[in-house]
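**Student:** Fold the following, please.
(one chain, ligands or ions: 3)
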Amino acid sequence: MIKRKLADIAAMCGGQVANADDNNLIIQGVITDSRRIEQGCLFVPLSGERFDGHAFVADSLASGASATLWERIKGNPPGPAILVDDALEALQRLAKSYLAATEAKVVGITGSNGKTTTKDLLYSLLATTYRVHKTGGNYNNHIGLPLTILAMPEDTEIAVLEMGMSGRYEIEFLSKLAEPEAVIVTNIGESHLQQLGSRLEIARAKLEILSGLKAGGLFVYNGDEPLIQEVLADSDTPKPEQLHTLTFGLNGNNDIYPSGIMFLEHGTMFTLKEGETPFELPLLGEHNVVNGLAAIAVARHYGIADTAIREGLKHAELTGMRIEIVQGDNGVTILNDAYNASPTSAKAAIDVLKTMKGYRNKIAVLGDMLELGEDEVRFHQEVGEFLTPENTDLLFTYGRLGREIAAGAKKHLLPDNIYAYDDKSELIHKLISLLHPKDIILVKASRGMKLEEVVEAVKHSELHQ
Ligand SMILES: CC(=O)N[C@H]1[C@@H](OP(=O)(O)OP(=O)(O)OC[C@H]2O[C@@H](n3ccc(=O)[nH]c3=O)[C@H](O)[C@@H]2O)O[C@H](CO)[C@@H](O)[C@@H]1O[C@H](C)C(=O)N[C@@H](C)C(=O)N[C@H](CCC(=O)N[C@@H](CCC[C@@H](N)C(=O)O)C(=O)O)C(=O)O
Ligand SMILES: Nc1ncnc2c1ncn2[C@@H]1O[C@H](COP(=O)(O)OP(=O)(O)OP(=O)(O)O)[C@@H](O)[C@H]1O
Ligand SMILES: C[C@@H](N)C(=O)N[C@H](C)C(=O)O
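**Tutor:** Numbering: from 1, shown residues only. Ligands and ions are numbered 1, 2, ... in the order given. Prediction:
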């Protein structure tokens, strides 16, 4: 993490030191939450939906922060400070300046689905050889990415940075801040359609990642997605000189694609060439093989041998709630995919349920998918129609839009096997009453639905069957 003299930090973020007895005071780390102060850090007071961080500056200094940023418009700071006009902009400038002072090469990852998973997989491959830093959790926006950079060890060789968006020009900002030398676009789904209006516009937003890519940089993208090719070919799409490209995907016309896939109980095996030693992923689903292909493409670009890649994949540490296998105390198997949901990721998860063998009942617990815009009802009905007796025995839905999943499910499932709820506790009660230790449950909805509460309840429940 960043460790500098107070005066140097002021210069790096364009601020001015005030109230400090010692400009050579050493600052270590940057924190934006007074509830998580670490001794000697710089507190950065941000304004959000509920609070103005300036209200917590005195507390932060009392709790061990060595200094704070302070916006000039707020009057006199209550202790050692760096005066700035805008704390967020200063935080972003500090991050850019710190990154430039290191030798770290940046790999940027964006896409509608799979950013966090691909980031975790790529990290595990690169870390076999390099000193690597990666985005923690889902810290992928205009605040999270700068904080990720400032938490980076000074001797980092490669930084794997997740870049998220819900509107145009957000990725452009992040890419220009981080100036990656390699970038991945995982796929173009439906996430944030509400704000973007069309999948083409989502593709344009994702390919803004090329705007900050260094000259001669590498663009690794999902070759199965025609919208990416379309936007890449558009002369209006900003891209660097001497752009190198690599495609990944399931189709054999990609630069890297699987020659065979085998679904296992707790993971997935795949080969890239017939007869070669397979690669093994501790993740379920064909979609995670695709994520793995993107990670392999970049790892090979950085000279990682396939033997190291196989080791890295096998021991990858993954962020939870992405089709995470959870074993209940009561024997029930839960596929916790509750982190987020869109039609593309929901169908990918249902495909995983289809590959699971040896269970009594396959149960899907599906909730609202948010931010999908005017076609949200149709999207939910289509997910319902995707459910068949081959992949689902019982369906539980949660939420207003979940009812549309239930409506669509009637196309292939018997009405007696479909349960729609607006109340989470009622859903949990009914679900538990039907559960058997040999059942498997997929739990999936958008972040805002907090379906991890269903996972927690089911995990610890006493069964009656
Ligand atoms: C600003 C901030 O960091 N807020 C976080 C804070 O929120 P809180 O509920 O406390 O309220 P405020 O935001 O109003 O607080 C303002 C500041 O005051 C601080 N503070 C508050 C109380 C207190 O007692 N002491 C304090 O010091 C506070 O820390 C603030 O700095 O806490 C919440 C709960 O932990 C956080 O959720 C909230 O974080 C916001 C949402 C945030 O953006 N955090 C980033 C670090 C981040 O990267 N979060 C990611 C999610 C990113 C994301 O949604 N990405 C999208 C794509 C990008 C969309 C883009 N348009 C966007 O706007 O984000 C995606 O789809 O992936 C994460 O945490 O997962
Ligand atoms: N390549 C993919 N295609 C479809 N779904 C995917 C893919 N990769 C991951 N998913 C699913 O998408 C959801 C989110 O996964 P992950 O967090 O890795 O993606 P993300 O792009 O970081 O998501 P978000 O933008 O919501 O933070 C999970 O349900 C996961 O199973
Ligand atoms: C807030 C944004 N990152 C997100 O995840 N939105 C989903 C759709 C949600 O809020 O549930």
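**Student:** In the stretch 1-150 of the chain, which residue sits closest to ligand 3?
**Tutor:** N138 (7.4 Å; C-beta to the nearest ligand atom). The way it works is simple: take the backbone N, C-alpha and C, and place the C-beta from them, glycine included.
**Student:** tally of neighbours for that residue?
**Tutor:** Neighbour count for N138, taken as other C-beta atoms under 10 Å: 16.
**Student:** Now do it against G367, distance only.
**Tutor:** 19 Å (C-beta to C-beta, to the nearest Å).
**Student:** swap in E38?
**Tutor:** E38 is 36 Å from G367, where distance means C-beta to C-beta.
**Student:** Outline the domain layout of the chain.
**Tutor:** Structural domains annotated on the chain: 3-87, 103-314, 324-459, as defined by automatic domain parsing.
**Student:** now the closest residue to ligand 3 within the stretch 251-400 of the chain, nearest residue through space, not along the chain?
**Tutor:** Nearest residue of the stretch 251-400 of the chain to ligand 3: L370, at 3.8 Å (C-beta to the nearest ligand atom). In space, not counting the residues next to it along the chain, L370 is nearest to S446; the distance is 4.1 Å by C-beta to C-beta, 6 or more residues apart in numbering.
**Student:** So that neighbour is in contact with M369, correct?
**Tutor:** Yes: assessed by C-beta atoms under 8 Å, S446 is found in contact with M369 at 5.2 Å.
**Student:** Pull up the overlap in contacts between those two.
**Tutor:** Taking C-beta atoms under 8 Å, 6 or more residues apart in numbering as the contact rule, S446 and M369 both touch 341-342.
**Student:** if we can go back for a sec, the domains of the chain: which one's closest to A95?
**Tutor:** Nearest to A95, of all these, is domain 103-314, at 3.6 Å by C-beta to C-beta.
**Student:** is the closest one up against ligand 1 anywhere?
**Tutor:** Yes: judged by C-beta under 6 Å from any ligand atom, domain 103-314 comes into contact with ligand 1 at 137-141, 143-144, 147, 164-167, 170.
**Student:** And that domain, end to end?
**Tutor:** Using C-alpha to C-alpha, to the nearest Å, one end of domain 103-314 lies 29 Å from the other.
**Student:** ok so, going back, could the domains of the chain be laid out in JSON lines, adding mean pLDDT?
**Tutor:** JSON lines is the format used below for the domains of the chain (pLDDT from 0 to 100):
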{"stretch": "domain 3-87", "mean pLDDT": "96"}
{"stretch": "domain 103-314", "mean pLDDT": "97"}
{"stretch": "domain 324-459", "mean pLDDT": "97"}
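**Student:** got those domains as TSV, with distance to ligand 2 columns?
**Tutor:** TSV is the format used below for the domains of the chain (distance: least, C-beta to the nearest ligand atom, whole Å):
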stretch	distance to ligand 2
domain 3-87	19
domain 103-314	3
domain 324-459	3
